[in-house]
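A.B. asks: I'll drop the sequence and a predicted model, then ask my questions.
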Amino acid sequence: MKASQDIAKIQLTEEFRICPKCGYELGFHSSFQRDENGYRIILICPECGARYDVGWRM
Ligand SMILES: [Zn+2]
(Lines give C-alpha, C1' and ligand atoms only; values in the text may rest on other atoms or scores of the structure.)
Protein backbone atom coordinates (compact mmCIF):
# COMPACT_ATOMS: atom_id res chain seq x y z
CA MET A 1 0.00 0.00 0.00
CA LYS A 2 1.35 3.37 -0.99
CA ALA A 3 1.21 5.99 1.71
CA SER A 4 -0.15 9.16 0.25
CA GLN A 5 2.36 11.91 -0.28
CA ASP A 6 -0.43 14.44 -0.34
CA ILE A 7 -1.24 16.28 2.84
CA ALA A 8 -4.90 17.16 3.01
CA LYS A 9 -5.83 20.43 4.63
CA ILE A 10 -8.44 19.89 7.32
CA GLN A 11 -10.69 22.48 8.91
CA LEU A 12 -11.06 21.36 12.51
CA THR A 13 -14.52 21.10 13.93
CA GLU A 14 -15.25 19.92 17.43
CA GLU A 15 -13.16 16.81 17.14
CA PHE A 16 -10.91 15.29 14.51
CA ARG A 17 -10.64 11.64 15.31
CA ILE A 18 -12.04 9.70 12.37
CA CYS A 19 -9.99 9.41 9.22
CA PRO A 20 -12.06 10.83 6.33
CA LYS A 21 -10.26 8.54 3.91
CA CYS A 22 -10.58 5.10 5.47
CA GLY A 23 -12.92 5.61 8.42
CA TYR A 24 -10.40 4.57 11.08
CA GLU A 25 -11.75 6.05 14.28
CA LEU A 26 -9.12 5.75 16.99
CA GLY A 27 -7.21 8.94 16.33
CA PHE A 28 -3.94 9.88 14.70
CA HIS A 29 -0.21 9.76 14.97
CA SER A 30 1.59 13.03 14.62
CA SER A 31 4.71 14.21 12.88
CA PHE A 32 6.44 17.52 12.52
CA GLN A 33 7.43 18.93 9.19
CA ARG A 34 9.81 21.82 8.83
CA ASP A 35 8.59 24.78 6.86
CA GLU A 36 9.73 28.36 6.46
CA ASN A 37 8.36 29.55 9.81
CA GLY A 38 9.19 26.61 12.03
CA TYR A 39 7.34 23.35 12.03
CA ARG A 40 3.88 22.32 11.09
CA ILE A 41 2.15 19.50 12.85
CA ILE A 42 0.97 16.75 10.52
CA LEU A 43 -1.52 14.14 11.63
CA ILE A 44 -1.10 10.67 10.14
CA CYS A 45 -3.74 7.99 10.05
CA PRO A 46 -2.20 4.82 11.53
CA GLU A 47 -4.46 2.70 9.39
CA CYS A 48 -4.10 4.05 5.86
CA GLY A 49 -1.24 6.52 6.16
CA ALA A 50 -3.25 9.51 4.99
CA ARG A 51 -1.74 12.78 6.18
CA TYR A 52 -3.63 15.82 7.34
CA ASP A 53 -2.59 19.39 8.00
CA VAL A 54 -4.86 20.90 10.60
CA GLY A 55 -3.15 24.27 10.50
CA TRP A 56 -1.15 23.94 13.70
CA ARG A 57 2.28 25.52 13.69
CA MET A 58 5.02 25.48 16.22
ZN1 LIG B 1 -7.09 6.43 7.28
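C.D. replies: Arrived safely, thanks for sending.
A.B. asks: What parts of the chain come near the ion?
C.D. replies: Within the chain, the positions near the ion by C-beta under 5 Å from the ion are Cys19, Lys21, Cys22, Tyr24, Cys45, Glu47, Cys48, Ala50. Using the backbone N, CA and C atoms, a C-beta is placed for each residue, glycine as well.
A.B. asks: Which one of these is nearest to Gln5?
C.D. replies: Distances from Gln5 to those, taken as C-beta to C-beta, are shortest for Ala50 (10.6 Å).
A.B. asks: if we take the residues of the chain next to the ion, which one ends up nearest to Ile7?
C.D. replies: Minimum distance to Ile7 across these is 8.9 Å, recorded for Ala50 (C-beta to C-beta).
A.B. asks: now that closest one: how far from Ile18?
C.D. replies: Per C-beta to C-beta, to the nearest Å, Ala50 is found 11 Å from Ile18.
A.B. asks: So these two - more neighbours on which side?
C.D. replies: Using other C-beta atoms under 10 Å as the criterion, Ala50 and Ile18 rank with Ala50 on top: 19 against 14.
A.B. asks: dump the residue contacts of the more buried one.
C.D. replies: For Ala50, the contacting residues are Ser4, Ala8, Cys19, Pro20, Lys21, Cys22, Ile44, by C-beta atoms under 8 Å, 6 or more residues apart in numbering.
A.B. asks: do the same with Arg40
C.D. replies: Per C-beta under 8 Å, 6+ apart, neighbours of Arg40: Phe32, Gln33, Asp53, Trp56, Arg57, Met58.
A.B. asks: Need the phi and psi values for it.
C.D. replies: phi -110, psi 150 (degrees, to the nearest 10).
A.B. asks: what about the closest residue to Tyr24 other than its chain neighbours, neighbour count?
C.D. replies: Leaving aside its sequence neighbours, Tyr24 sits nearest to Glu47 (C-beta to C-beta, 6 or more residues apart in numbering; 3.6 Å). Burial of Glu47 is recorded as 14 neighbouring residues (other C-beta under 10 Å).
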